[in-house]
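# Quick one, what's the 3D model for this:
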Amino acid sequence: MTAEAAAPALRLRLAERGVDLRLLLLAPAVIVVLALFIYPFIFGIQLSLSPQRFNNPLDNYRSFFSDPYYFSSLSNTLAIAVPATFVNVVAAVPIAVRMRRAFRGRRLLAAALVVPVSLGTVFLADGMLNVLGPAGWLNKALLGIGLIDDPIRLTNNWWGVFLSLVVSGFPFAFLLMLAYASGIDPSLESAAATLGASRGQRFRYVIFPLLLPGAAVTLCLNFVMAFSVFPSAVLLGDPSGSSRVLALIAYQEAQERLDPSMGSAVAMLLAASQLVFVVLVLGARSLLYRGPASGGKG
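This is a model prediction of the structure:
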């Protein structure tokens, strides 16, 4: 049997067993995931269960939940990330729905909305300090026209971190929601209008259910970004108070106190919190809507 004849025969035999050789194209991606995500995650779990300051493998976690200094970082992170995430997604939905239709200046407006994506975290923080700081442009303008007597504190506190997450996270939420909204067949809305549905009813009963799967995914991705906030919490927040977040605690333990075991435990709790949020959101989505994932145009 020649090599040319043997090759198809081999493919047929493998196909009969459910083996598709084209799956080998996934090998590079699988290797990258294993090397950059799975192995570090497993190593982090193992390291967190080998405490330097304690004897029991779970003592790092016990110390975290029993110490108010550590545990408050979890509530601080949630108090910043959850509101910022919902603000980003709720603001992105109506804008994305409106911008799925062509109008004059659409491209210019879309470019303006995604400009913060091109800004680095440090550059963004520096700009916000110049605009929103006690001696920033906003306070100078408000003081100049007599609306306030003392500068408004919008930096070096909770508000500074929250606003930075909104500015940096909204473009991602907007781009994702625009992609989902653009995939909705316009004829569905036209059919509802023909049947007498108002604009609000068309959004509630046609557009929103089709956007719900995309909104849930956008909510999860935006939360993961916001929950791991670190530079903004240091540059624009109060690291010793309201912006003492989990990522900052993990860094302090691993790099300043030279306890990578405790730092890994905090990092594992950060990952677990993100996973819980994602599971809750996706579970709520499946309860609220069981239709198709999208209303594609064809």
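# what about Leu178, how many residues close to it?
Residues within reach of Leu178, counting by other CB atoms under 10 Å, total 21. (Glycine included, C-beta is placed from N, CA and C.)
# mind listing the helices for the stretch 1-150 of the chain?
For the stretch 1-150 of the chain, helices defined by DSSP state H, counting those that start in this stretch occupy the ranges 3-16, 27-33, 39-48, 59-66, 68-99, 106-114, 121-132, 137-144.
# what about Leu154, how many neighbours?
21.
# swap in Arg100?
Arg100: 18 neighbours (other CB under 10 Å).
# residue ranges for the helices of the stretch 151-298 of the chain, please.
Using DSSP H, counting those that start in this stretch, the helices of the stretch 151-298 of the chain run over 158-182, 186-194, 199-202, 208-227, 231-235, 246-251, 260-288.
# need those in CSV with distance to Arg98, can you?
CSV is the format used below for these (distance: least, CB to CB, whole Å):
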stretch, distance to Arg98
helix 158-182, 9
helix 186-194, 13
helix 199-202, 11
helix 208-227, 13
helix 231-235, 29
helix 246-251, 35
helix 260-288, 23
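# out of those, nearest to Phe64?
Minimum separation from Phe64 across the helices of the stretch 151-298 of the chain (CB to CB) falls at helix 260-288, 6.4 Å.
# tell me the angle of that closest one relative to helix 39-48?
Helix 260-288 and helix 39-48 meet at an angle of 120 degrees, taking axes from the mean of the first three to the mean of the last three CA atoms, to 10 degrees as the criterion.
# What is helix 260-288 packed up against?
For helix 260-288, the packing partners by 3 or more CB pairs under 8 Å, 6 or more residues apart in numbering; DSSP states H and E come out as helix 39-48, helix 59-66, helix 68-99, helix 208-227, helix 246-251.
# what about 7 Å?
helix 39-48, helix 59-66, helix 208-227, helix 246-251 (3 or more CB pairs under 7 Å, 6 or more residues apart in numbering; DSSP states H and E).
# Just the CA atoms of the last one, as CSV, please.
Taking C-alpha atoms only, helix 246-251 is exported to CSV below (Å, rounded to 0.1, in the frame of the first residue of the first chain):
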residue,chain,number,x,y,z
LEU,A,246,-6.8,42.2,47.6
ALA,A,247,-4.2,42.7,44.9
LEU,A,248,-2.4,45.2,47.1
ILE,A,249,-2.4,42.8,50.0
ALA,A,250,-1.1,40.0,47.8
TYR,A,251,1.8,42.3,46.7
